[in-house]
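> Quick one: sequence plus predicted model below, questions after.
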Amino acid sequence: MEKGHACKYIPPDKLEACINDKANKKVLLKKPDNRTPEEFSQIEDILHSVLSRNEFLKRYPEDLRRKLLNVINFKESIDEMIYMQGDPPNAMFIIGYGTAKVMKEVDPSLDTTSPPPAV
């Protein structure tokens with residue numbers, strides 16, 4: 001990443017089209033270590049726009065968010081389970097666009113919605 005390069009913010013209504021652009025998607029799907037500096041420059045604005053929209057990451061300084069750009073993995077998932085309850089926490093997932101379902105297994109013995117058994 002060029003030092004001092006100002007990332008251009010891509011509005012949410014244009015972000016999906018930028019991500020789905022054939023040339024951009026090819027580079028986004030590469031592992032960060034396999035991207036050339038030219039490829040990184042090609043997708044830097046997309047990654048920056050995704051990270052800057054994230055409420056959790058907004059509270060961190062810009063220089064820290066810029067460091068994340070160098071290690072972020074992009075993955076496209078459709079109807080795929082990306083994390084299962086009980087898996088070790090080894091990643092953070094940011095939804096660039098679209099929706100995700102979050103489901104939690106509930107222990108039936110802890111179910112408080114059913115009336116207690118009759119005695």
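Good, I have the coordinates. Residues are numbered from 1 along each chain as shown.

> show me where pLDDT drops low in the protein?
Within the chain, the stretches with pLDDT under 70 are 1-7, 111-117, 119.

> what residue is smack in the middle of it?
For the chain, residue 94 is the residue whose C-alpha lies nearest the centre (C-alpha atoms, centre = their mean; 2.2 Å).

> Next, the spatially closest residue to that residue that is not a sequence neighbour: phi, psi?
In this structure, residue 94 finds its nearest non-sequential neighbour in residue 54, 5.5 Å apart by C-beta to C-beta, 6 or more residues apart in numbering. Glycine gets a C-beta too; all of them are placed from N, C-alpha and C. Phi and psi for residue 54, reported as degrees, to the nearest 10, are phi -80, psi 120.

> Tell me how many other residues crowd residue 54.
16 (other C-beta atoms under 10 Å).

> For residue 96, see how far away it is.
10 Å (C-beta to C-beta, to the nearest Å).

> before we move on, what SS does the residue lying closest to residue 93 once chain neighbours are set aside have?
Of all residues not flanking residue 93 in the chain, residue 82 sits nearest, at 6.0 Å (C-beta to C-beta, 6+ apart). Assigned with DSSP: H, G, I helix; E, B strand; the rest coil, residue 82 falls in the coil class.

> For residue 82, what are phi and psi?
The phi/psi pair for residue 82 (degrees, to the nearest 10) reads phi -100, psi -20.

> residues contacting it?
For residue 82, the contact set (C-beta atoms under 8 Å, 6 or more residues apart in numbering) comprises 75, 93, 100.
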